[in-house]
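[1] Below are the sequence and a predicted model for it; my questions follow.
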Amino acid sequence: MADTDCIFCKIIAGEIPSFKLYEDERTFAMMDINPFNDGHCLVITKAHAVNLLDADAADLAAVLPTVQKVARAVETALEPEGINIIQANDPAAGQTVFHYHCHVFPRLLNDGALLNWGHTPGDMARVEEIYNRIMAEMN
Ligand code: AMP
Ligand code: ZN
């Protein structure tokens, strides 16, 4: 179901232009128009969903093969030094467009993207406490 106020729904409907890379029954891939590095692409669900938490599981299952297809094309065409697959849920996580999308995010060594957090040894009691809280919600 499309959301009439949603820019990505408008792109899927062809009402707004895009650099379309691919589409199938459930997914759509295009260039990000504000690329961090060359080859920055987006894979989105055709059905409107605000983000991962809201999306249909079958749509999500269809996303990863499309992500792989796009990432392989980026890899072959541009030979970046690495590729992150990134997906933001809610503003604190950096989400700015509220229609599910996955970034295919080419990386270069020392490109300065603030995505790599260091590994600080964890407090295992705290990890276990948090684990138990999440496990209680798993189904
Ligand atoms: P996020 O911040 O994770 O919600 O990512 C949203 C992404 O959508 C940003 O990287 C934007 O550059 C990108 N974006 C916004 N509008 C468009 C558009 N019309 N076509 C392609 N990409 C867009
Ligand atoms: Zn939408």
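    Now that the structure is in, tell me what you want to look at. Numbering: from 1, shown residues only. Ligands and ions are numbered 1, 2, ... in the order given.
[2] contacts and neighbour counts: CA atoms only from here.
    OK.
[3] Grab the longest strand from this structure for me.
    The single longest strand within the chain, with elements called by DSSP state E, is strand 101-107.
[4] So what touches that one?
    36-45, 51, 67, 70-71, 74, 80-88 (C-alpha atoms under 8 Å, 6 or more residues apart in numbering).
[5] what subset of those residues is also close to ligand 1?
    Among the contacts of strand 101-107, proximity to ligand 1 is found for residue 88 (C-alpha under 6 Å from any ligand atom).
[6] Please see if stretch 42-58 touches ligand 2.
    Yes: using C-alpha under 5 Å from the ion, we find that stretch 42-58 touches ligand 2 at residue 48.
[7] Now that stretch: buried residues?
    Across stretch 42-58, burial judged by 16 or more other C-alpha atoms under 10 Å covers 42, 43, 44, 45, 46, 47, 48, 49, 50, 51, 52, 55.
[8] Might you enumerate the residues of this structure proximal to ligand 1?
    Counting by C-alpha under 6 Å from any ligand atom, the chain sits next to ligand 1 at 18, 31, 32, 33, 34, 88, 94, 95, 96, 97.
[9] who wins for neighbours among those?
    Counting neighbours by other C-alpha atoms under 10 Å, residue 32 comes out on top of the residues of the chain next to ligand 1 with 20 neighbours.
[10] that's a strand at residue 76, yeah?
    No: read with DSSP: H, G, I helix; E, B strand; the rest coil, residue 76 is helix and lies in no strand.
[11] Need the pLDDT of it.
    We have a pLDDT of 93 for residue 76.
[12] Please report how far the residue nearest to the spatial centre of the chain lies from residue 16.
    Centroid check for the chain by C-alpha atoms, centre = their mean gives residue 102 as the closest residue, at 1.4 Å. From residue 102 across to residue 16, the span is 19 Å (C-alpha to C-alpha, to the nearest Å).
[13] cool, residue 82 as well?
    To residue 16, residue 82 is 30 Å away according to C-alpha to C-alpha.
[14] Among the residues of the chain next to ligand 1, find me the one that's closest to residue 130.
    Nearest to residue 130 out of the residues of the chain next to ligand 1 is residue 88 (C-alpha to C-alpha; 21.2 Å).
[15] Having no further points to raise, I will conclude here.
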